[in-house]
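Chemist: sequence first, then the predicted structure, then my questions.
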Amino acid sequence: MLEVYRDSDSKRFGDGILQRKTFLTPPEGESPSVFAPPPRQGVLSRLYLRRWLVLLAAAVIGALSVFYGLPVAAPVAAVLTFTAGAAFIRTSRTRPRYDAVSSDRAKEETLAVAKPIADALPDPAILLAPDGTILAFNGKARDLFEGLRTGSHISSATRSPQVLDAVMECGAAKRQQTVTFSERVPVERHMAATVSWLVLPSDAGPWILVYLRDLTEQRRLDQLRADFIANASHEIKTPLASLSGFIQTLHGAARHDEAARDRFLPIMAKQAERMARLIDNLMSLSRVEMRAHLKPQGEVAIAELVEQACEALEPMAAEANVAVAVESEVGAVTVLGDRDELTQVFINLVHNAIKYGRKGGAVQVKLKRQRSGSQDMIAISIKDDGPGIPGQHLPRLTERFYRVAGAAGHEKGGTGLGLAIVKHVVNRHRGELRIASEVGFGSIFTVLLAEHKDNPGLIEIVTKPVVQPALEE
């Protein structure tokens, strides 16, 4: 829905002085009668302009005097009185005010026509007055700029010098220009803004259209392509070197050694499986990072999703003789999110708790409400009873390929990408990941997500591609 601002009183661009629009300097090519008061007229000028009315009145009064036989003094007094009124009574100035009201009405009608057009645009669009005042904007622009308000200046929504300079320079002499800029809060974005001068065939006046395109995904794709090559080449080198060594051995001295072949082939299969997991995790991480600036809009029943993630890992838990217990205090509450990505998050966390926890131990999964500032959050905590993690390693656990030296992750085939994926998915959902651990007592990983309140106005449902869960840390 487009929000409309009636600009009867607008703030000037630079000085903050309120100026009534009843009488303004006329734009180039417009009639001055609508925008400026009529020029002052003298007594003789008014009498000259009304001369035919005075003569007509004198003729009528003279005819009536002759017909009724009135004394000469009566018609002469009447003619003189009428002539004096025509000369001294000034012209009414109400017409320009009516014209100003008509101009405001034309502006409102034009804005009403602009509503469906702006809402139909696939990208953010903002309509401004020539002084930079926000007149209207579509839903995409509202999602992009939290401070966007009708009647406010464009500088209240964005502080980008490139955009503000383009708006200030936009006019009849410079009708269109495109600038690029970056926003760092709440997430990093790269945008292109096309600022255009619109001249309308009505009294609504000229407008400025700011049309924005999101370049973030393109920039991230370029960066991820470079990161993928660097990371993959580094991490794949070890299992690939191991495979190459075994293959050379089997082709050489152990060509006919069945015992060596039976011993090497399972190791080779394990290394090949590790490379496949590594590539899958890198691809999952790349997909999440490319969409990090897009807030998910689908409704997800979080308690049901966590229970399903735990059920999917029951065979692994049974094999490790680990009991997984889910305790929920939130009922059928929902959050805004991508179901596949959130499933991946909790499968990763529960999987890690089972793998790195104590054999024959227990994993506790709890869901409860938690207040964070002015917002209700859903806290999902996964607690294991493993050996715990030393405090100096906690800040770096979510880095790519980071693994605690001497930990079981190296022995159990971890890729070091599971928690990096968790961090990026939680950030995309505007949530928070908390990690607490004590050596000898286990670790607690807590994900906080904003509770979704029913909103009848929400009609947009975003469908995301299925993401294969990555089960390794």
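Modeler: It's in.
Chemist: is it correct that V365 falls within a helix?
Modeler: No - using DSSP: H, G, I helix; E, B strand; the rest coil, the secondary structure at V365 is strand, not a helix.
Chemist: can you give me the strands in the stretch 101-250 of the chain?
Modeler: Assigned by DSSP state E, counting those that start in this stretch, the stretch 101-250 of the chain shows strands spanning 125-128, 134-137, 176-183, 189-198, 207-214.
Chemist: could the ones you listed be laid out in JSON lines, adding distance to I378 and mean neighbour count?
Modeler: Just so you know, the C-beta spots here come from the backbone N, C-alpha and C atoms, and that holds for glycine as well. Converted to JSON lines, the strands of the stretch 101-250 of the chain look like this (distance: least, C-beta to C-beta, whole Å; neighbours: other C-beta atoms under 10 Å):
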{"stretch": "strand 125-128", "distance to I378": "34", "mean neighbour count": "24"}
{"stretch": "strand 134-137", "distance to I378": "31", "mean neighbour count": "24"}
{"stretch": "strand 176-183", "distance to I378": "28", "mean neighbour count": "15"}
{"stretch": "strand 189-198", "distance to I378": "27", "mean neighbour count": "18"}
{"stretch": "strand 207-214", "distance to I378": "29", "mean neighbour count": "20"}
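Chemist: turn these into a markdown table, columns for mean pLDDT and distance to I302.
Modeler: Converted to a markdown table, the strands of the stretch 101-250 of the chain look like this (pLDDT from 0 to 100; distance: least, C-beta to C-beta, whole Å):
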| stretch | mean pLDDT | distance to I302 |
| --- | --- | --- |
| strand 125-128 | 90 | 34 |
| strand 134-137 | 88 | 32 |
| strand 176-183 | 89 | 29 |
| strand 189-198 | 90 | 27 |
| strand 207-214 | 90 | 28 |
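Chemist: redo those as a markdown table? Include distance to S381.
Modeler: Shown next, in a markdown table, are these (distance: least, C-beta to C-beta, whole Å):
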| stretch | distance to S381 |
| --- | --- |
| strand 125-128 | 42 |
| strand 134-137 | 40 |
| strand 176-183 | 33 |
| strand 189-198 | 32 |
| strand 207-214 | 35 |
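Chemist: what is the neighbour count of the closest residue to V187 other than its chain neighbours?
Modeler: Setting aside the residues directly before and after it, V187 is nearest to H293 in space (C-beta to C-beta, 6 or more residues apart in numbering), at 5.1 Å. If you count neighbours by other C-beta atoms under 10 Å, H293 ends up with 19.
Chemist: okay, H293: pLDDT?
Modeler: Per-residue pLDDT puts H293 at 72.
Chemist: now do the contacts for it.
Modeler: H293 is in contact with V187, E188, R189, D214, T216, E217, counting by C-beta atoms under 8 Å, 6 or more residues apart in numbering.
Chemist: out of these, which is nearest to P387?
Modeler: Nearest to P387 among those, counting by C-beta to C-beta, is V187 at 35.6 Å.
Chemist: ok, the closest one touching A292?
Modeler: Yes - counting by C-beta atoms under 8 Å, V187 does reach A292; the two are 6.3 Å apart.
Chemist: overlap in contacts of those two?
Modeler: N427.
Chemist: the more surrounded of these two?
Modeler: Neighbour count, other C-beta under 10 Å: between V187 and A292, A292 has more, with 17 against 14.
Chemist: quick one on the thing from earlier: look up phi and psi at the residue nearest to V187.
Modeler: H293 adopts backbone torsions of phi -90, psi -10, taken as degrees, to the nearest 10.
Chemist: could we number from 32 for the rest of this?
Modeler: Sure, I'll start counting at 32 from here, so that last one is H324.
Chemist: any idea how far K397 is from it?
Modeler: Using C-beta to C-beta, to the nearest Å, H324 is found at 31 Å from K397.
Chemist: same thing with N169?
Modeler: Distance of N169 to K397, given as C-beta to C-beta: 41 Å.
Chemist: neighbour count for the two, which is higher?
Modeler: Using other C-beta under 10 Å, the more surrounded residue of N169 and K397 is N169, with 23 against 18.
Chemist: who touches that one in this structure?
Modeler: Going by C-beta under 8 Å, 6+ apart, N169 touches L33, A149, D150, L152, P155, A156.
Chemist: of all those, which two lie farthest apart?
Modeler: L33 and P155 (12.3 Å).
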